[in-house]
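S.K.: Need coordinates for the below:
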Amino acid sequence: MVREWRRLHLHIEQQEPSTSYALGSGSMTERSFFELLSLHSIRVLYDFRSDGEQGPAHFKPSHLEGACKRHSVHYRFAPLGREGAYGILKHLQEDEGRNLLAELVWWARRKRTAFLGPLAEVEGREE
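M.R.: Alright, predicted model coming up:
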């Protein structure tokens with residue numbers, strides 16, 4: 001999609017509700033991670049981790065991109081909450097963050113979709 005067109009036409013509020021799954025990278029092996037995706041028929045994976053280079057080598061974006069391609073999973077690394085964006089909540093209020101969420105919803109309406117975040121961010125909140 002063209003970025004300008006997306007900004008004008010793809011708004012999260014205008015889309016039908018959809019289901020997407022939240023995953024934490026934690027300490028899973030690559031094999032168990034892709035078994036989990038397969039078990040739930042996940043075909044699209046967005047990686048919202050602000051620092052994807054931390055953690056096990058098989059969860060680094062460069063490796064994960066190739067592994068997802070081998071497993072026929074559409075992968076997109078789109079870090080949210082970078083230092084320059086003043087944290088994830090502020091970043092989600094900006095155009096870039098809102099567009100990423102709108103893309104996620106767009107995909108979730110078409111295919112089983114999950115997003116990846118640090119385990120603490122995905123499981124650590126009870127809000």
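S.K.: Just confirm Leu36 is within a strand.
M.R.: No - when the secondary structure is assigned by DSSP: H, G, I helix; E, B strand; the rest coil, Leu36 falls in helix instead of a strand.
S.K.: Hmm, it is touching Leu23, no?
M.R.: Yes - Leu36 lies in contact with Leu23 (Cβ atoms under 8 Å); the separation is 7.5 Å. C-beta coordinates here come from the backbone N, C-alpha and C atoms, glycine included.
S.K.: Give me the more crowded residue out of those two.
M.R.: Leu23 (21 against 14; other Cβ atoms under 10 Å).
S.K.: Distance check, that one against Glu16.
M.R.: 23 Å (Cβ to Cβ, to the nearest Å).
S.K.: Tell me if Val105 really is in a helix.
M.R.: Yes - under three-state DSSP, Val105 falls within a helix.
S.K.: residue contacts, it?
M.R.: For Val105, the residues meeting the contact criterion (Cβ atoms under 8 Å, 6 or more residues apart in numbering) are Ile12, Gln15, Ser18, Ser20.
S.K.: List phi and psi for the third one.
M.R.: With angles defined as degrees, to the nearest 10, Ser18 sits at phi -150, psi 170.
S.K.: quick one: it from Arg76, how far?
M.R.: When distances are taken as Cβ to Cβ, Ser18 and Arg76 turn out to be 16 Å apart.
S.K.: can you check the second one too?
M.R.: Counting by Cβ to Cβ, the separation of Gln15 from Arg76 is 17 Å.
S.K.: more neighbours, the two?
M.R.: The neighbour comparison of Gln15 against Arg76 (other Cβ under 10 Å) goes to Arg76, with 17 against 14.
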